[in-house]
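A.B. asks: Fold the following.
(2 chains)
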Amino acid sequence: MSARYGMVIDLDRCTGCGACMVACSAENNVPSLPQATARTGITPILVRKVSNGMDGGARHEAFVPILCMHCEHDTPCVKVCPQQAVEVDKATGIVMQMPQRCLGCRYCMTACPYHARYFNWWDPAWPSGMEKSLNPGVASRMRGVVEKCNLCHARLHSAQEKAAASKKREIDMADYVPACVEACPTGAIRFGNLADKNDPVTQDAHSPHAFRFLARLGTEPKIYYKSKEAWVRALAEPNSSRDSEVHHG
Amino acid sequence: MKVTRRDLLVWSAGAAAGFMVTPVPWKLLDDTSIWSQNWPWIPQPPRGPVEVKQSACTLCPQGCGVKVRMSAGWPVGIAGVSTHPVSRGALCPLAYGAHQLNWHPQRLRSVRHGATASSWSDAQKAFAKACGEGRIVVIDGYPGRAASSVLRTFAQKRNGDYRAVFGSDARSLAPYENWSGVPASALGYDLENSQTVISFGAPLLDGWGSPGRFTRLWAERAAGMADPQLRLIQVEPSLSRTASRAWQWVPLRDGSEAALATGLARVLLEEHLVSAQGPMPPLTLAQAADQTGLTSDAIRELARTLVSRPPVVAIASDDNPAIAALNVVLGATGARGGIVRRSKHSDVNVSADAVIQNARAVLIDSTVPWDFVPHTDAEVFRFAAWDGGSGKADWLLPAPGFLEEQTDVPAAPTSAVETYAVAPALVKQPAEVQSAAQFLASTDSSLPSSDSIIHSRCEDLFRARAGTLCGLETTPLAKIASAQKLEEQLSNGDVWVAEALHPGSLRCVLKEWPAPAGPSLVEDWSSSWRAPVLPPLALKLYRESSLRKPPEGRNA
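C.D. replies: Numbering: from 1, shown residues only, chains lettered A, B, ... in the order given. Predicted coordinates:
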C-alpha cells in the first residue's frame, strides 16, 4: 500500500527555539559556512517569527516552521524541472530532489510558492577533522544544486531496511521519525502517514483548527498546520485576508 | 563518389541528432554530476559500525540525557533520551550540534602562558610554586560532581577557598537559604505539581533550568488551551518567547519586577487572600502601580488570579529577594507545587566573588562560564576546552571536550528530586588535554581520582537501597544485584532518582521584608552555555535566519 507521509505542525505549541533547524542540519550534513547569510544559507526547515501587527499588550507573536510542503498535486517544482531532478515518489508521497541530476537552473526555486528551496552556493566544508562528525547515512552535496527537505529520507531507508530484515513489507512508523520531529521539545511537529485514516496525525489534519498554506493553489501540500488563533490561521491565505494585518519577522 | 561540403554538413547534423537519441549524452551528463560530487575535497562521512550510546550532556549543569549515535567510534548525531526523568527527551538547540564541538577551530590543544606556547610541566611548576607562596582559590562551575570533590579537597588541604559560579536558575533559590537554613543546592521547584506559575522574566520556555522539563510540562498541560491545567503568567517588559506563549503576559516597566512582587504581596496580605502571616511589604499598592506602570486594579486582579488556581509558585530570573518573599507570602515554600527540599545532605557552596583579593593563585575549572573573569592580582590558571579569546588568564590549560572524560551528573539545580547519573567518556581523551581534577591529582598524589569517587558514590547509593533506577525500565534500587551492576547501568545511561522528600521538610521564616534588588537579568539557553564557543550548526540560527539575535561574546 502506498503511503503519504506528512506532518501536522501545531503552531500553538511552537516556542521558536530552533532545535528543529539545528537537528535537521546535523542529520542532513548541511554545513554551517561563515559566508552564508539568511539569503544564501541552506535551511531545509526555517522557523519564522510572525505577529498580529499590534503593539504593546495587544501584540501576539507566533513561530512558523517552513519546510518543503511535499505538494501532492501539480507539484510546481516537478513541473518546471528540465532535468527531471525532482519527482513525487509514488510509494511515499515525498517530493524527492536528486542532486545528481540537478543542473542548478533554479527554476524550481522560482516555482515553489513556499520559498522552501535553497541553492547550494558553495561546496560543503567543515573545519579540519569535523568531517568525522558527519552523518554517514547522508552524502554531502556539491555546490551548484538545489536543496530542500526530503523528510529525512535516510531515516526512511533505515526503517525500510529494518522492516526488510524482519521480513515485513510495511515499516513501523516508530522507526521513521524525521530529525525535526524528534528534536521538537514541545511535540509541536508531528509526523505520520496521511494515507492511514487511523493515524493520529491524519485525524489531526482534519481538525477544525488545521489548515494548509496557500491551499487555494490546489497543490495539495502534505504539511498541515494547526492553531486555535484566528489571526494565525489567516496566515494561510495572506492575499485573501487583507484585513488581517500580518507581519513577518 | 565525391563527398561534397553539403554531404559533410548533412552527415554531421544527422550524427548530432542521432547521438542525442542515444543514451550516451544523458549517461555522460549523469556521470559528470556524480563524479563532480566525489571530488577529493568534498568531505566524506566516516564509515564504520553504527551504534547508539546513552550519556548525559555535560556542557551545562542541567545534565540532560543524550542519545549519541556513533559511527566508526565518532559521535555523528545527538538526540534526547525520552526516558530521562528530568529532561524527558528534550534538549536545547545547542546540544544537537554539540558533537561537532571537539573539532571546533578554537579548540584548545596546547598549554598557553600569556600569548606564548608552554607545556604542562611548566604549568605544574608554576602552579606548585604559587601554591607554596600563598592562598589559593579554586572556582568550580558545576558543583556536586566527583571532580568538584577533588577541587574542594585540594582547596581545603591548602587552606584555600573553594567557590562556585551558579547559573541564574540556581541563583533564584539563594534567598531561601538565608530564610530556611537549608543550602540552596538542596532546594528545587516542584513544577510537576504546580497549577499556576508566575515568572518574573525567567525564560521558562527558552532554556530555563533543564530545557525539556518545563517545556514538556507546558506542552502537556497548557499549550493551546484556553483554560489550561498549568497557568503560565509571564511578567516581562518585552514580548519574549516565553511571554508570547504564556497564558497571560504582564508587560511592565523595565526593572520593576521587585515592585510588582511587593505590590502583589501587599494585596495578598491586606485582602487576606493567603493564610500566611508575614511582615507587611513597605511599598503601598499605589507606589507599586506607579513604579511598574500597571494600574492598582491590574495588580489587585493579578493577585486574585494567582490564588485562584493553587498550588502557585513565583520564579525569578535571578536571586531577586522580593520575588522569593512573594513565594513565602503565597505559602509556596515547603509546599507541594512550590519550593521544596530535595536532599537531606548537601554541601554549602559559597558563590564566587567577581573580585578576589589576597590570593596567590586562582584555579578556574573548565565548567566555569567563559564570561566569568575574576578581578584579581593573583596568577590565574584557567582550564578550557575552547579558547574564547586572550586576556582571560595567565595560564590557559586545555581541558577535555564534549564526551571526552567520564564525569558524574548530580541533580539539575532546580530539580525537585535528587538524581544521579554517570556520563561515560564516549570519545578517547586526547593526550594533550587534562581536566582540572586530573591536573590537581598529578600535583598531589594523595588526592582521590574522580573515577574512584564515582565508584564510591555508586557503592554508597547501593548500600542505601533507596530510590529507583530509570532507564528503558524503572527498577527499584533494592532489586539491583550489586554496586558494580549499578555503576554499569548508570554508565549505560540509566538515572538514579531518589524518593521525594516530604514538602514540609522545608520551612522558611521571613522576619522582615527584604531590601529591593536591582533589575532582573533576562537570559536564554545560550547565556547558560558554559563554553566560549557555540556549535557551528547552532550559528545557523543567527546567521541564516532572523529567529534569534546573536548572543554577545560568543564566537563562531
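A.B. asks: From chain A, how far off is the closest residue to B:Pro410 other than its chain neighbours?
C.D. replies: Nearest residue to B:Pro410, sequence neighbours excluded (CB to CB, 6 or more residues apart in numbering or on different chains): B:Gly144, at 3.7 Å. Every residue, glycine included, has its C-beta placed from N, CA and C. Between B:Gly144 and chain A the computed distance is 25 Å (CB to the nearest CB, to the nearest Å).
A.B. asks: Let me know the pLDDT of B:Gly144.
C.D. replies: We have a pLDDT of 92 for B:Gly144.
A.B. asks: Just the element for it, please.
C.D. replies: Secondary structure assignment for B:Gly144, by DSSP states H and E: no helix or strand.
A.B. asks: next one: the one 5 residues further on
C.D. replies: Counting by DSSP H and E, the secondary-structure element that holds B:Ser149 is helix B:146-157.
A.B. asks: what's the pLDDT at residue 116?
C.D. replies: Using chain A here. The predicted local confidence for A:Ala116 is 96.
A.B. asks: not quite, I wanted chain B
C.D. replies: For B:Thr116, pLDDT reads 91.
A.B. asks: now it, which residues is it bridged with?
C.D. replies: B:His113 (DSSP bridges).
A.B. asks: residues in contact with the closest residue to chain A within the stretch 251-400 of chain B?
C.D. replies: In the stretch 251-400 of chain B, the residue that lies nearest chain A is B:Pro251 (5.4 Å; CB to the nearest CB). For B:Pro251, the contact set (CB atoms under 8 Å, 6 or more residues apart in numbering or on different chains) comprises A:Gly56, A:Gly57, B:Glu236, B:Pro237, B:Ser238, B:Leu239, B:Ala243.
A.B. asks: May I have the phi/psi pair for it?
C.D. replies: Note on B:Pro251: backbone dihedrals following degrees, to the nearest 10 are phi -80, psi 130.
A.B. asks: what pLDDT does it get?
C.D. replies: For B:Pro251, the predicted pLDDT is 95.
A.B. asks: With the one 3 residues further on instead?
C.D. replies: The predicted structure scores B:Asp254 at 89 on the pLDDT scale.
A.B. asks: Spell out, range by range, the helices that occur in the stretch 351-500 of chain B.
C.D. replies: Taking DSSP state H, counting those that start in this stretch to define them, one finds helices in the stretch 351-500 of chain B at B:436-443, B:450-464, B:483-491.
A.B. asks: Among those helices, which comes closest to A:Ala165?
C.D. replies: Closest to A:Ala165 of those, according to CB to CB: helix B:483-491, at 28.2 Å.
A.B. asks: quick one: average pLDDT of that closest one?
C.D. replies: Throughout helix B:483-491, pLDDT has a mean value of 94.
A.B. asks: Kindly report the same for stretch B:224-238.
C.D. replies: On average, stretch B:224-238 scores 92.
A.B. asks: got the contact list for the closest residue to B:Ala515 other than its chain neighbours?
C.D. replies: Nearest residue to B:Ala515 in three dimensions, chain neighbours excluded: B:Pro321, at 7.3 Å (CB to CB, 6+ apart). By CB under 8 Å, 6+ apart, the residues touching B:Pro321 are B:Pro175, B:Pro514, B:Ala515, B:Ala517.
A.B. asks: mind redoing it with 6 Å?
C.D. replies: B:Pro175, B:Pro514, B:Ala517 (CB atoms under 6 Å, 6 or more residues apart in numbering or on different chains).
A.B. asks: One more: B:Val81?
C.D. replies: Applying CB under 6 Å, 6+ apart, the residues contacting B:Val81 are B:Gln54, B:Gly65, B:Lys67.
A.B. asks: want to throw the residues you listed into TSV with distance to B:Ala115, secondary structure and neighbour count?
C.D. replies: Formatted as TSV, the contacts of B:Val81 follow (distance: CB to CB, whole Å; DSSP: H, G, I helix; E, B strand; the rest coil; neighbours: other CB atoms under 10 Å in any protein chain shown):
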residue	distance to B:Ala115	secondary structure	neighbour count
B:Gln54	41	strand	22
B:Gly65	41	strand	31
B:Lys67	41	strand	19
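A.B. asks: Out of the residues you listed, flag the one nearest to chain A.
C.D. replies: Distances from chain A to these, taken by CB to the nearest CB, are shortest for B:Lys67, at 9.6 Å.
A.B. asks: measure A:Gln97 to chain B for me?
C.D. replies: Using CB to the nearest CB, A:Gln97 is found at 13 Å from chain B.
A.B. asks: burial of that residue, as a residue count?
C.D. replies: Using other CB atoms under 10 Å in any protein chain shown, the number of residues around A:Gln97 comes to 24.
A.B. asks: next one: the one 5 residues further on
C.D. replies: Counted with other CB under 10 Å, the burial measure for A:Cys102 works out to 24 neighbours.
A.B. asks: That one contacts A:Val145, doesn't it?
C.D. replies: Yes: judged on CB atoms under 6 Å, A:Cys102 makes contact with A:Val145 at a distance of 4.1 Å.
A.B. asks: Need the pLDDT of the residue nearest to the spatial centre of chain A.
C.D. replies: Nearest residue to the geometric centre of chain A (CA atoms, centre = their mean): A:Leu67, 2.8 Å. Per-residue pLDDT puts A:Leu67 at 97.
A.B. asks: Could you give me the buried positions within the lengthiest helix in chain A?
C.D. replies: Counting by DSSP state H, the longest helix found in chain A is helix A:153-165. Going by neighbour count (16 or more other CB atoms under 10 Å in any protein chain shown), the buried part of helix A:153-165 is A:His153, A:Ala154, A:Arg155, A:Leu156, A:Ser158, A:Ala159, A:Gln160, A:Ala163.
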